[in-house]
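A.B. asks: Quick one: sequence and predicted model below, then my questions.
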Amino acid sequence: MRRGWWWLVALVAVLGAGCSPSAERGSEGPLRVVATTTMLTDLVRQVGGEDVAVEGILKPGGDPHLYQPTPGDARLLASADVIVMNGLHLEGWMEALVRNTGRDARLIVAAEGVEPLKDPQRSGWPDPHVWHDAGRWSQVSEHVADELAAARPEAAARIQTRRDAWVKELASLDQEVREALAPIPAEQRVLVTSHDAFHYYGKAYGLEVVAIQGISTESEAGARDLARVVDLVRARRIPAVFVESSVNPKLIEQLSRETGAKIGGTLYSDALGATPPEDTYTGMLRANTRAIATGLQPQGGATP
Ligand SMILES: [Zn+2]
């Protein structure tokens, strides 16, 4: 049973009561921001610049659905001026801690800035993977930037200037992704991955998305799930399937062996990469797009 985080919530209550954080928080120095995911940490850096000091709870390769917070995370959250989380149930085990921490901290739920897609397998649940569509990420960015500006009015003009530049960069990235994917023929526009993280990508950029596992990596795929995808890859003659940086690759490797489809590369699904340029949002989306565009070429894409 995973009950480990309850004592962390209690620890945060003690920390909060003991150190009177409001007395220490002022407008001196950068705004102390703690973000849950690596994508949000990057976003806060982009729009916050030198007006923020941001730390992320998740590291590259970390899985937000399954991540279990540590005492260090609880202390970090308790000392924050602002906490930024994705929302839409992405932060499985972290959410209770985040929501119970730092009564004086401002909580920004980033995905409140967009209209979510539905989880196709769980009725009434949203799909949290909003970052894979640069257009939606732009809306998320505006929401987060406006909330940061409200938290630090002295810096609002600078944050708005950075926000506007970032929104422009995302618009041009969105166009670049469309152009890179344009040569893939209609019948091969199928993206097969291990967990169901790419519906926003598929909807924005015109690909059908098929995954062996569900929206959350918490759900375990069974033999029937795998057999269904094996049949589909064979029937549609899909040339490549993709592993993910934050998910165990064994199901996709098995799918590749059973169907003869090659592994088209590693996609960054729920976390940015560890090294440049994939350690930024723009680098991550470009790397994913390059892998997909190359893998789904008619001849299987000889050169990247
Ligand atoms: Zn996910």
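C.D. replies: Done, it's in. The structure displayed is predicted, hence computed values, not measured ones.
A.B. asks: what sits against the closest residue to the ion within the stretch 101-250 of the chain?
C.D. replies: Closest residue of the stretch 101-250 of the chain to the ion, Cβ to the ion: residue 197 (4.3 Å). Yep, even glycine has a C-beta here, placed from its N, CA and C like the rest. For residue 197, the contact set (Cβ atoms under 8 Å, 6 or more residues apart in numbering) comprises 129, 132, 211, 215, 244, 269, 270.
A.B. asks: check contacts around the second one.
C.D. replies: Read that as residue 132. 197, 198, 200, 201, 204, 285, 288.
A.B. asks: Just to be sure, the first one is in a strand?
C.D. replies: No - under the criterion used here (DSSP: H, G, I helix; E, B strand; the rest coil), residue 197 is coil, not part of a strand.
A.B. asks: Might one say that residue 84 is in contact with residue 39?
C.D. replies: No - using Cβ atoms under 8 Å, residue 84 makes no contact with residue 39, being 10.4 Å away.
A.B. asks: list the buried ones in the longest helix along the chain?
C.D. replies: Criterion DSSP state H: the longest helix present in the chain is helix 156-181. By neighbour count on 16 or more other Cβ atoms under 10 Å, the buried set for helix 156-181 is 156, 158-160, 162-163, 166-167, 169-170, 173-174, 177, 180-181.
A.B. asks: Point out the residues in the stretch 51-200 of the chain that sit beside the ion.
C.D. replies: Applying Cβ under 5 Å from the ion, we find that the stretch 51-200 of the chain lies next to the ion at residue 197.
A.B. asks: I'd assumed residue 270 was in contact with residue 60.
C.D. replies: No - between residue 60 and residue 270 there is no contact under Cβ under 8 Å: 10.6 Å.
A.B. asks: Mind checking which of these two has more residues around it?
C.D. replies: Taking other Cβ atoms under 10 Å, residue 60 and residue 270 do not tie; residue 270 has more neighbours (29 against 17).
A.B. asks: contacting residues around the more buried one?
C.D. replies: So residue 270 contacts 37, 62, 63, 64, 65, 90, 129, 197, 217, 244, 246, 247 (Cβ under 8 Å, 6+ apart).
A.B. asks: Which residue in those residues has the weakest pLDDT?
C.D. replies: In this model, the minimum pLDDT among the contacts of residue 270 belongs to residue 217 (75).
A.B. asks: Neighbours of the nearest residue to that residue once chain neighbours are set aside, how many?
C.D. replies: For residue 217, ignoring the flanking residues on the chain, the nearest one in space by Cβ to Cβ, 6 or more residues apart in numbering is residue 65 at 4.7 Å. When neighbours are counted by other Cβ under 10 Å, residue 65 registers 22.
A.B. asks: what's the answer for the one 10 residues further on, then?
C.D. replies: Other residues lying near residue 75 total 14 when counted by other Cβ under 10 Å.
A.B. asks: Which SSE is immediately downstream of the helix or strand where residue 97 lies?
C.D. replies: Secondary structure from DSSP states H and E places residue 97 in helix 95-100. Next in sequence after helix 95-100, counting helices and strands by DSSP H and E, comes strand 106-109.
A.B. asks: Which secondary structure elements does that following strand sit against?
C.D. replies: Strand 106-109 sits against strand 82-85, helix 134-151, with contacts defined as 3 or more Cβ pairs under 8 Å, 6 or more residues apart in numbering; DSSP states H and E.
A.B. asks: Low-confidence regions, the stretch 51-200 of the chain specifically.
C.D. replies: In the predicted model, the stretch 51-200 of the chain carries pLDDT under 70 at residues 102-103.
A.B. asks: mind redoing it with 90?
C.D. replies: 61, 92-94, 96-104, 113, 119-123, 187, 195 (pLDDT under 90).
A.B. asks: Show me how the chain divides into domains.
C.D. replies: 5-176, 181-295 (automatic domain parsing).
A.B. asks: Find the residue closest to the residue most central in space within the chain in space, skipping its chain neighbours.
C.D. replies: Geometric centre of the chain, nearest residue: residue 270, 4.2 Å, by Cα atoms, centre = their mean. Closest residue to residue 270 in three dimensions, ignoring its sequence neighbours and counting by Cβ to Cβ, 6+ apart: residue 246, at 4.8 Å.
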